[in-house]
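Novice: got a structure for you, letters missing:
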C-alpha cells in the first residue's frame, strides 16, 4: 500500500454525532477515527476528476447496502482501502495506541495478566461468584501495587510495540521492558508519548448558522452559540495513513492502476481532512515497508500454559465495530445465529467463547466471493478447517462513538432518495486485548494468521481486518502476542 503523510496547514476539526452547543464541545478534538481519512481521500479522488485527466472511463461499481447490490453501476472508487491515521514524528517514527495490559510509564512491560480461579482446578473453572460474562474464564489481575497515576503514556513507537510483542512481559530485558538510558532504545523516552506531546487542544466559541438561510443570529440559529475544540499538531508531527485504490482498466481485472498515484502524480497535493474544510498537504511515498508492528506467528513464539493450552493474545491497533446480530437468514441466504456484538467479536461464540473463524484457502476465497457477487451465498463450513481455540479473558476500554452521513443509495430503501444519517456504532478502542487458549501449536499459528494484520505474510500488505463493519476504512487491525497467568510472570 502507499504511505501517505498528511501535514496540516492549520488546526484540524473532528467531531462525532454528539451535541455541540452551549458548553458542549461535542468531542471535537480527539484523534481522528479511521473513517475520517478514508472519506477525505474518497472526496479528493472525486474532486480530481481523474477520468477527465486521463480521458478514460473509470471502473464503475454497483451500489451496495447490507449485502444487497443494485443493478445500477454509477459509484466510483469502490476499491479504496485505507488504514490509519497514526501519529508520525519528524524523524518518521510511527506511534500506535498503547496495549491496555502494559500500564507502566516509560515501559512496555506487561502489568495485567489473566488470573486463575482460586477454586479447585483453577485453570479450567471460571471465577466463582464473579460478574464476568459467561464467555470468559479468567479475570485479569494487576501485577503492580495500587498507585494514584496509572495507565502509562497512551502512544508508543513501532519499535517499542515490537519489543512489547517479542518480550511479552514473559522475561525482563533492560531497554525493552523498562526505561533505558541508551539513546534511541525502545525504553528511551522518545518512544513513549502523551497526547500533549503530539498535539494541543484549542477552544473557540462560534455562532450557529441557520441551515435554511446560511446566516447567523437569525431564524433557528437566533441566540445560539457553540464551543468547539480544535487539534493543532506539534511541530514535525503528521498523520500517517496507508492507502490504495486499485482500479480496473477498461473493466479488466487482470489490468489495474493505482488511482492514488494518479491523484498525486509525484507531487504533494492538498486535501480536505475533517470538518470545516481544513486543509492538509499530503505526500505519497511508494514502495515503503509498512511500519506497523508485526504480530507473532511461529510455533515457538507462543507460551504453553499449565493446562497444556497454547496462549495467544490479540491486541487492536485500530478500533473495531462488532454489531448486534439477529438470528435468521443472512442477505447471502445462509443461516445466522444471534450475537450480542459490542465488546465481543462476532467471530466468537457468545455461549462458549469458541473461535468461529475457519482457515480458507485462496481458491476457496475467490469462489465464495464470486458466489456472493452473484447473490447465491455459500455454505460457511464448506472447504474450510475450524480453528480449535477459545476466548478466555479480555481487557476492553470504554467504547468510541462512530457516526456518519450517507448519500442516496438505491440499494438501501431507507436512504434511496434523500440519503441521511448513518447508524451510530460503538467501537472497541485500539489497545483492547483479547486472550485465547489454543488446543495445539498448529491451532495457535492458524489463529495468529487469521488475526494478525499481515496474516501469514512478512508484512508487505494488510491481509486481515477483523472488524465486522468498516474494515475497508481501517477498522479491526490487530497483532498477536502471547501471555502467561498471573503469578507466572517474573
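Specialist: That came through, no problem. Quick caveat: nothing in here was measured; it's all calculated off a predicted structure.

Novice: how about the nearest residue to residue 211, chain neighbours excluded?
Specialist: When the adjacent residues along the chain are set aside, residue 211 lies closest to residue 220, with 7.4 Å between them (Cβ to Cβ, 6 or more residues apart in numbering). In this view, the C-beta of every residue, glycine as well, is placed from N, C-alpha and C.

Novice: could you look up the SS state of that neighbour?
Specialist: When classified by DSSP: H, G, I helix; E, B strand; the rest coil, residue 220 comes out as helix.

Novice: so what's it up against?
Specialist: Contacts here follow Cβ atoms under 8 Å, 6 or more residues apart in numbering; on that basis residue 220 touches 210-212.

Novice: ditto for residue 3
Specialist: Applying Cβ under 8 Å, 6+ apart to residue 3 gives the contacts 240-242, 284-286, 288, 290.

Novice: among those, name the ones in strands.
Specialist: Members of those lying in strands (criterion: DSSP state E): 240-242, 284-285.

Novice: could I have the PyMOL command that selects the buried members from these?
Specialist: If you want just the buried ones from the ones in strands among the contacts of residue 3 in PyMOL, going by 16 or more other Cβ atoms under 10 Å, the selection is:
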select buried, resi 240+241+242+284
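
Novice: before we move on, back to that, save the contacts of residue 220 as TSV, and put in neighbour count, distance to residue 33 and pLDDT too.
Specialist: Below are the contacts of residue 220 laid out as TSV (neighbours: other Cβ atoms under 10 Å; distance: Cβ to Cβ, whole Å; pLDDT from 0 to 100):
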residue	neighbour count	distance to residue 33	pLDDT
210	15	29	76
211	9	25	70
212	10	30	74
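
Novice: residue 201: which of those residues is nearest?
Specialist: Using Cβ to Cβ, residue 211 is the member of those that sits closest to residue 201, with 27.3 Å.

Novice: what helix or strand is the closest one on?
Specialist: Assigned by DSSP states H and E, residue 211 falls within no helix or strand.

Novice: ok, residue 35 next?
Specialist: When secondary structure is defined by DSSP H and E, residue 35 falls within helix 34-48.

Novice: how about residue 307?
Specialist: Residue 307 is located outside every helix and strand, with elements delineated by DSSP H and E.

Novice: shouldn't residue 285 be in contact with residue 5?
Specialist: Yes. Between residue 285 and residue 5 there is a contact under Cβ atoms under 8 Å: 7.1 Å.

Novice: so residue 366 is in which element?
Specialist: Element membership for residue 366, per DSSP H and E: helix 362-373.

Novice: spatially nearest residue to the residue nearest the centre of the chain, not counting backbone neighbours?
Specialist: Central residue of the chain (Cα atoms, centre = their mean): residue 318, 2.6 Å from the mean position. The spatial neighbour of residue 318 that comes closest, neighbours along the chain excluded (Cβ to Cβ, 6+ apart), is residue 477 at 4.5 Å.

Novice: list the contacts of that neighbour.
Specialist: For residue 477, the contacting residues are 83, 292, 316-318, 453, 462, 464-466, by Cβ under 8 Å, 6+ apart.

Novice: tell me the phi and psi of it?
Specialist: phi -80, psi 140 (degrees, to the nearest 10).

Novice: same question, the one 4 residues further on
Specialist: Recorded main-chain torsions at residue 481 are phi -130, psi -160, according to degrees, to the nearest 10.

Novice: tell me the pLDDT at the residue nearest to it when sequence neighbours are not counted?
Specialist: For residue 481, the nearest residue in space outside its immediate sequence neighbours is residue 165; the separation is 4.5 Å by Cβ to Cβ, 6+ apart. Per-residue pLDDT puts residue 165 at 92.

Novice: run through the stretch 51-200 of the chain and note the low-pLDDT ranges.
Specialist: Scanning the stretch 51-200 of the chain for pLDDT under 70 picks out 51-75, 119-126, 168-189.

Novice: any chance you could map the helices in it?
Specialist: Ranges of helices within the stretch 51-200 of the chain are 158-167, 195-198, based on DSSP state H, counting those that start in this stretch.

Novice: tell me which element residue 450 is part of?
Specialist: helix 441-451.

Novice: other SSEs contacting that helix?
Specialist: The criterion is 3 or more Cβ pairs under 8 Å, 6 or more residues apart in numbering; DSSP states H and E, and the helices and strands that helix 441-451 contacts are strand 310-316, strand 358-359, strand 389-395, strand 433-438, strand 478-481.

Novice: can you flag the weakest of these by average pLDDT?
Specialist: Of all these, the segment with the smallest mean pLDDT is strand 358-359, scoring a mean of 84.

Novice: parallel or antiparallel, which strands does it pair with?
Specialist: Paired neighbours of strand 358-359 in the sheet (DSSP bridges): strand 385-386 (antiparallel).

Novice: other residues contacting the partner strand?
Specialist: With Cβ under 8 Å, 6+ apart as the criterion, strand 385-386 contacts 358-359, 446.

Novice: most neighbours among those residues, please name it.
Specialist: For those, the largest number of neighbours (other Cβ atoms under 10 Å) sits with residue 446, at 24 neighbours.

Novice: distance check, the closest residue to that one other than its chain neighbours against residue 325.
Specialist: The shortest distance from residue 446 to any non-neighbouring residue, by Cβ to Cβ, 6+ apart, is to residue 387 (4.9 Å). Counting by Cβ to Cβ, to the nearest Å, the gap from residue 387 to residue 325 is 20 Å.

Novice: returning to that earlier point: between which two of the ones in strands among the contacts of residue 3 is the distance greatest?
Specialist: Greatest spatial distance among the ones in strands among the contacts of residue 3 (Cβ to Cβ): 240 and 284, at 11.9 Å.
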